[in-house]
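Student: following is a predicted model, sequence given first.
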Protein chains: 2
Amino acid sequence: MRIVAAAERLGYRPNATARALAQGRANAIGVVVNNLDLIGHTNIYFLEVFGGVIEGALAAGQITVVFTLRDWDEAAQRIPAFCDRRVDGLILIAPMLKQGAADWMPAHAGFVSVHGNCAIPGVVNLESDEEAGAFDMVSHMLALGHRRILHVGGPVGATGAERRIAGYLRAHAAAGVEPPPGHVLRASFSEEGGRVALQDWLLRHRGSPLPEAVFGANDAIAMGCIDVLHARRLRVPADVSVVGFDDTLLARSARIATVQQPLHDLGSQAVRVLMDRIDSIQDGRNWHGQDNIVLPTTIVPRATLAAPRRKTLVID
Amino acid sequence: MRIVAAAERLGYRPNATARALAQGRANAIGVVVNNLDLIGHTNIYFLEVFGGVIEGALAAGQITVVFTLRDWDEAAQRIPAFCDRRVDGLILIAPMLKQGAADWMPAHAGFVSVHGNCAIPGVVNLESDEEAGAFDMVSHMLALGHRRILHVGGPVGATGAERRIAGYLRAHAAAGVEPPPGHVLRASFSEEGGRVALQDWLLRHRGSPLPEAVFGANDAIAMGCIDVLHARRLRVPADVSVVGFDDTLLARSARIATVQQPLHDLGSQAVRVLMDRIDSIQDGRNWHGQDNIVLPTTIVPRATLAAPRRKTLVID
DNA sequence: TTGAAAGCGCTAACAA
DNA sequence: TTGTTAGCGCTTTCAA
């Protein structure tokens, strides 16, 4: 009609808030992240998942709203407030949610978590098979001939950290190799964490044989370890091999051998699952999809990983 | 009242879409980025600015909506559609907008650009003083004694690239040093770009003196150059110094000397300016703030930058 | 001070 | 098919 043409000419734009109010649907999804993770640059991990979410949302015709939490302890108060009908559902990235979270979660919005640390009823979780990734990597290292592999693990209580340790141990068991005693440490998931943990450990083990390889629980930890080794004039990988986990930008740019997690896919698939979940809620159906979706990991051998040196070095 | 308590108990949540419709204000800001920049991981730059925006929005009590463009050529069609009252204003990150953009920009929303490539009426721009950053860095290198500084510049037409070249040239002029001929190249803003450009240039200059230093137009280019030098068994910085620009995660983790841009601040300040702009529009006032805000840059000397070696090397 | 009513701009159900 | 009307859940205005 002429009306349409006139509207066009006058620069008419439909008001999306009015539409959302009328239809009871915002066509928007929210992403909840820990502010520190985003701002601190410590965890490029989040940004990669986030990139996947953005892309997934674009493909699904949804806009993406970012909500940040200063701390996951705020979740119980703030997440319900996020569900103010501006978004139809929420993706929680690596939420450290308590078990009772189901109690306060609004039922009118869909929830999907990526690498959630515990199962929450009604929240579909997407994750990658970290235990298998660690298993594959450590098995590969054992096959190369490494016997004293030091695992600089993540913080106690982080599910991902525990799973990487489990993979490390299972690989030893599968290869029939006794894991060297005291070779699993804990560190925070950062360069500094890796640095401190390894430096400390080396100081406490003067005179013992130097590990042939270091397996960091993430790329940042591995990076910190490389630092410490270089400072001691040890060559990587000629003297000590180092591998990380995640295959973030850090590992790619520093060429650190690592375990790749499909972070981008995790993000984009989370959107797809969330859309299904939202549709099921809006139609009043119950949920028929899977509650836990596991994506595979892949080992990425790079220049920091080689066969162990012939002669054992001693820590000094 | 008792009503409030009851509401609380029943889990009542105010409907933000209804409120937005009633008040004509969404209390949300949008961020427009080029999809490729976000997804491709080529430009950590964006993510850092984005982090600043998120933080700024949190401080201003606004939520952040992400809009992605596959290409800035879509801007004229899609940006007006983004202004559908779900956001009160938009921050454009590094927009490659054409000069005529003012024609199609809706007047009811506020616009702020970060590192916009050209001035658009009604759009406040925030940027860092790239020319001065390049000037400071190159002056510093000249003061260290470098005379043959190769500038691996960014793509033709990118405002930032041109400004870095201008700073490079002005530093030479200020020091009374004639810039060596043919020592300004062009590359795309990526590791691969730096690699190709430098490798190419070296092949074309066999037998000439090796540059004492390489100044990459961004950190990724610098990283690519380091790669090429290492492949030729040249030591950085003993044989050749290398510096970058931006101080992204890449430079920090690889310890590349660089020019720091306040990316995070650029993002958070953009939000503050945008809030002012939005308020002025809603109150029907005209805009009294600045149209172009320039933040300072800082040089960050790191291990890849040292004094030039005594004896000149020859390219082979 | 408190309460009732009229929009905000759209969609959806209904009537013509 | 087309046009009309009643909400969606808030804010704001105006009357009581």
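Tutor: Yes, it's here. Nothing here was measured: the structure is a model prediction, and the numbers come from that model.
Student: all helices of the stretch 201-316 of chain A, in order?
Tutor: A:219-231, A:249-254, A:263-282 (DSSP state H, counting those that start in this stretch).
Student: apart from its chain neighbours, what residue comes closest to whichever residue of the stretch 51-200 of chain A sits closest to chain B?
Tutor: Here the stretch 51-200 of chain A gets closest to chain B at one residue, residue A:84, 3.8 Å apart by C-beta to the nearest C-beta. Backbone N, C-alpha and C define where each C-beta goes, glycine included. Of all residues not flanking residue A:84 in the chain, residue B:16 sits nearest, at 3.8 Å (C-beta to C-beta, 6 or more residues apart in numbering or on different chains).
Student: follow-up on the earlier one: lowest-confidence stretch among the helices of the stretch 201-316 of chain A?
Tutor: For the helices of the stretch 201-316 of chain A, mean pLDDT drops lowest on helix A:249-254, to a mean of 86.
Student: keeping just the C-alphas, turn it into CSV.
Tutor: Output of helix A:249-254 as CSV, limited to C-alpha atoms (Å, rounded to 0.1, in the frame of the first residue of the first chain):
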residue,chain,number,x,y,z
LEU,A,249,44.9,-17.3,21.9
LEU,A,250,47.7,-17.5,24.4
ALA,A,251,48.6,-21.0,23.4
ARG,A,252,48.2,-20.3,19.8
SER,A,253,50.4,-17.2,19.8
ALA,A,254,53.1,-18.6,22.1
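Student: separation between the spatially most central residue of chain A and chain B?
Tutor: Closest to where the C-alpha atoms of chain A average out (C-alpha atoms, centre = their mean) is residue A:45, at 5.6 Å. Residue A:45 sits 12 Å away from chain B when distances are taken as C-beta to the nearest C-beta, to the nearest Å.
Student: picking up where we left off before, against DNA strand D, how distant is the residue of the stretch 51-200 of chain A closest to chain B?
Tutor: Using C-beta to the nearest atom of the strand, to the nearest Å, one obtains 8 Å as the distance from residue A:84 to DNA strand D.
Student: go on, residue A:65?
Tutor: The separation that residue A:65 has from DNA strand D, given C-beta to the nearest atom of the strand, amounts to 18 Å.
Student: again, but for residue A:161
Tutor: 42 Å.
Student: count of neighbours near that residue?
Tutor: 21 (other C-beta atoms under 10 Å in any protein chain shown).
Student: what pLDDT is listed against the closest residue to it other than its chain neighbours?
Tutor: Distances taken as C-beta to C-beta, 6+ apart place residue A:154 nearest to residue A:161, at 2.9 Å, with adjacent residues excluded. As predicted, residue A:154 sits at a pLDDT of 96.
Student: now the phi/psi pair for residue A:154, please.
Tutor: phi -80, psi -180 (degrees, to the nearest 10).
Student: chain B contacts on the stretch 51-200 of chain A?
Tutor: The stretch 51-200 of chain A comes close to chain B at residues A:51, A:54-55, A:58, A:63-68, A:80-81, A:83-86, A:106, A:191, as judged by C-beta under 8 Å from any C-beta of the partner chain.
Student: continuing past the helix or strand of chain A with the lowest mean pLDDT, what's the next helix or strand?
Tutor: Across the helices and strands of chain A, mean confidence by mean pLDDT, DSSP states H and E is lowest for helix A:2-9: a mean of 58. Using DSSP states H and E, the helix or strand that directly follows helix A:2-9 along the chain is helix A:16-23.
Student: related to what we said a few turns ago, to DNA strand D, which of the helices of the stretch 201-316 of chain A lies closest?
Tutor: Nearest to DNA strand D among the helices of the stretch 201-316 of chain A is helix A:263-282; the distance by C-beta to the nearest atom of the strand comes to 13.2 Å.
Student: tell me what that closest one is packed against?
Tutor: strand A:28-34, helix A:44-60, strand A:89-93, strand A:110-114, strand A:123-128, strand A:292-295 (3 or more C-beta pairs under 8 Å, 6 or more residues apart in numbering or on different chains; DSSP states H and E).
Student: who does the first one pair up with?
Tutor: If I follow you right, that is strand A:28-34. strand A:63-69 (parallel), strand A:89-93 (parallel) (DSSP bridges).
Student: look up phi and psi at residue A:308.
Tutor: Dihedral pair for residue A:308: phi -70, psi 150, per degrees, to the nearest 10.
Student: compute the number of surrounding residues for the residue nearest to it when sequence neighbours are not counted.
Tutor: The shortest distance from residue A:308 to any non-neighbouring residue, by C-beta to C-beta, 6+ apart, is to residue A:212 (3.9 Å). With neighbours defined by other C-beta under 10 Å, the count for residue A:212 comes to 24.
Student: my guess is residue A:212 meets residue A:311, correct?
Tutor: No: between residue A:212 and residue A:311 no contact is recorded; they are 10.8 Å apart, counting by C-beta atoms under 8 Å.
Student: for the helices and strands packed on helix A:263-282, which one sits closest to residue B:302?
Tutor: When the helices and strands packed on helix A:263-282 are compared by C-beta to C-beta, helix A:44-60 sits nearest residue B:302, at 19.7 Å.
Student: quick check: mean pLDDT across that closest one?
Tutor: Mean predicted lDDT for helix A:44-60 stands at 89.
Student: determine the set of other helices and strands touching that helix.
Tutor: strand A:28-34, helix A:35-39, strand A:63-69, strand A:89-93, helix A:249-254, helix A:263-282, helix B:35-39, strand B:63-69.
Student: what residues does that helix touch?
Tutor: Contacts to helix A:44-60, defined as C-beta atoms under 8 Å, 6 or more residues apart in numbering or on different chains, come from residues A:29, A:31, A:33-34, A:37-38, A:63-64, A:91, A:93-94, A:114, A:218, A:246, A:248-250, A:263-272, A:275, B:35, B:38-39, B:41, B:44, B:47, B:66, B:68, B:249.
Student: do that again at 7 Å, thanks
Tutor: A:29, A:31, A:33, A:37-38, A:63-64, A:91, A:93, A:114, A:246, A:248-250, A:263-268, A:270-272, A:275, B:35, B:38-39, B:47, B:66, B:68, B:249 (C-beta atoms under 7 Å, 6 or more residues apart in numbering or on different chains).
Student: buried stuff in it?
Tutor: Residues A:44-58, A:60 are the ones in helix A:44-60 that count as buried (16 or more other C-beta atoms under 10 Å in any protein chain shown).
Student: who are the contact partners of residue A:131?
Tutor: If you count contacts by C-beta under 7 Å, 6+ apart, then residue A:131 has A:163, A:166, A:167 around it.
Student: what helix or strand is the closest residue to the last one other than its chain neighbours on?
Tutor: If I follow you right, that is residue A:167. Spatial nearest neighbour of residue A:167, excluding adjacent residues (C-beta to C-beta, 6+ apart): residue A:134 at 2.7 Å. Assessed by DSSP H and E, residue A:134 sits inside helix A:130-144.
Student: quick check: buried residues in the helix or strand just after that helix?
Tutor: For helix A:130-144, the following helix or strand on the C-terminal side (DSSP H and E) is strand A:149-153. For strand A:149-153, a neighbour-count test (16+ other C-beta under 10 Å) marks A:149, A:150, A:151, A:152, A:153 as buried.
Student: likewise stretch A:115-124?
Tutor: Neighbour-count burial for stretch A:115-124, counted by 16+ other C-beta under 10 Å, picks out A:115, A:116, A:117, A:120, A:123, A:124.
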